[in-house]
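Asks: give the three-dimensional model of this entry:
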Amino acid sequence: MDEHLTAESGDLLLAVGTMKGVWLFRSDPDRREWQSSGPHFPGQAVYAVRFDGRGGRRRLLAGTEDSHWGAVVRCSDDLGQTWSDPAEGNVRFPEGTDAALRRVWQLQPAGPDRPDTVFAGVEPAALFRSDDRGETFELVTGLWDHPHRPRWEPGGGGLCLHTVVVDQADPERMWVAISTGGVYRSDDGGRTWQPRNHGVRAEFRPDKHPEFGQCVHKIAPAAGRPERLYLQNHWGLYRSDDAAESWVDVANGVPSDFGFPVVAHPTDPDAAWVIPLQSDEFRCTPDAMARVYRTRDAGASWEPLGDGLPQRDAFLTVLRDGFGGDGLTPAGLYFGTRTGQLYASADEGERWRLVAEWLPPVVCVKAAVVP
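Replies: Here you go, the predicted model:
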């Protein structure tokens, strides 16, 4: 691995968070050859990493976990050569909340109209907001004080707010996904929140369609249609065309509707990709074949894509943030596994190649074009 990365404008940067540090990968727009650096924060679990290129900046954000000092958000403005070191922790629950930060699960820059705002989803399930580019964060009390919060229950990975989606057409509207709280939407910048889970099943509950409490694994916004979202649930694959007011099942042609990630196409609202797993009990790719499934008709049908991926004895697992895409044409796709493989496709999943193997378990893969 190279000691440091350099990048030209238009290059593609992959930030890969693992259970033992962060690795960075850089390629030109052809996405054929890759340079890498890492591990950054060796030995620390990093579930959230993000590149923020708004306003021409080149800022990396990483939610790190030190066994002694706890979880913090660190920043780098030189592609990982140096990182900030918050002395007292920059994501902290206020006194009186009787809560302590365990993990940063998601880092999400706001839209271009708020170039200094970054949101952080954490465990225990809460939303934090930074208005200084990720240097310091404050609790979003509108969600923390929601009357449902005391009744949220932890999923298998903990009680985590793992997904934050900001509406690019309406900066006041945003969605979060909580395991196991479900989807909540705010229409007023985070001051108030409403559950938005109508149609999403909760197979593990006596009431299969509760108001809240679903184990949502990931939501992804469709490009060009602000009202459309895709959702991968703990059993269930869904689409909403009304900003999450309701959800319809679109598990038509996938070998299993159990899985963790979902990625939406950067320009086509009818296209998305998922990586199904066999079942809740056996969380590996179905039939030991590594395949990504793509829809081009908003979930009416799905097709398997496996060229370049192992098609036998491939007991792979891809977690909720282990699959990401870029904004190039054709769209690039990237996923990492719990067994340390990192795969990339430069043609929307038609063909895949192995970028790295024997990494620590991969928990987060994010792609960005360098400004």
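
Asks: okay, and the beta partners of the most centrally placed residue in the chain?
Replies: The residue lying closest to the centre of the chain (CA atoms, centre = their mean) is residue 321, at 3.7 Å. Note on residue 321: beta-bridge partners by DSSP bridges are residue 364.

Asks: the stretch 1-150 of the chain: strands as residue ranges?
Replies: Secondary structure of the stretch 1-150 of the chain (DSSP state E, counting those that start in this stretch): strands at 12-18, 21-27, 35-40, 45-52, 59-66, 70-76, 103-109, 118-123, 126-130, 138-139.

Asks: list the buried residues in the fifth one.
Replies: This points to strand 59-66. Neighbour counts over strand 59-66 (16 or more other CB atoms under 10 Å) mark 59-65 as buried. The C-beta positions use only the backbone N, C-alpha and C, and glycine is treated the same way.

Asks: turn those residues into CSV, including pLDDT and distance to residue 91.
Replies: Supplementary listing: the buried residues of strand 59-66 in CSV, determined by pLDDT from 0 to 100; distance: CB to CB, whole Å:
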residue, pLDDT, distance to residue 91
59, 98, 16
60, 98, 16
61, 98, 11
62, 98, 12
63, 98, 8
64, 97, 11
65, 94, 11
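
Asks: and of these, the nearest to residue 213?
Replies: residue 63 (25.6 Å; CB to CB).

Asks: what residues are up against that closest one?
Replies: Contacts for residue 63 (CB atoms under 8 Å, 6 or more residues apart in numbering) come out as 46-49, 71-73, 91, 103-105, 107, 120.

Asks: now render the residues you listed as CSV, adding neighbour count and pLDDT.
Replies: Shown next, in CSV, are the contacts of residue 63 (neighbours: other CB atoms under 10 Å; pLDDT from 0 to 100):
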residue, neighbour count, pLDDT
46, 28, 98
47, 28, 98
48, 26, 98
49, 28, 98
71, 26, 95
72, 22, 96
73, 26, 97
91, 22, 96
103, 21, 97
104, 27, 98
105, 27, 98
107, 28, 98
120, 29, 98
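
Asks: leaving out the residues flanking it, which one is nearest to residue 78?
Replies: residue 58 (7.6 Å; CB to CB, 6 or more residues apart in numbering).

Asks: thought the residue nearest to the centre of the chain was touching residue 18?
Replies: No: counting by CB atoms under 8 Å, residue 321 stays clear of residue 18, with 11.5 Å between them.

Asks: hey, what's in contact with both of these two?
Replies: 363-364.

Asks: tell me where the model's unsure across the protein.
Replies: 1-2 (pLDDT under 70).

Asks: who's the closest spatial neighbour of residue 299, skipping the chain neighbours?
Replies: In space, residue 299 comes closest to residue 250 once its chain neighbours are excluded; the distance is 2.6 Å by CB to CB, 6+ apart.

Asks: repeat that for residue 210.
Replies: residue 202 (5.7 Å).

Asks: what sits against the one you found?
Replies: 180, 208-210, 213-215.

Asks: then residue 53?
Replies: Residues in contact with residue 53 (CB under 8 Å, 6+ apart) are 59, 368-371.

Asks: mind checking the SS state of residue 178?
Replies: strand (DSSP: H, G, I helix; E, B strand; the rest coil).

Asks: looking at the buried residues of strand 59-66, which is nearest residue 269?
Replies: Of the buried residues of strand 59-66, the one sitting nearest to residue 269 (CB to CB) turns out to be residue 61, at 27.5 Å.
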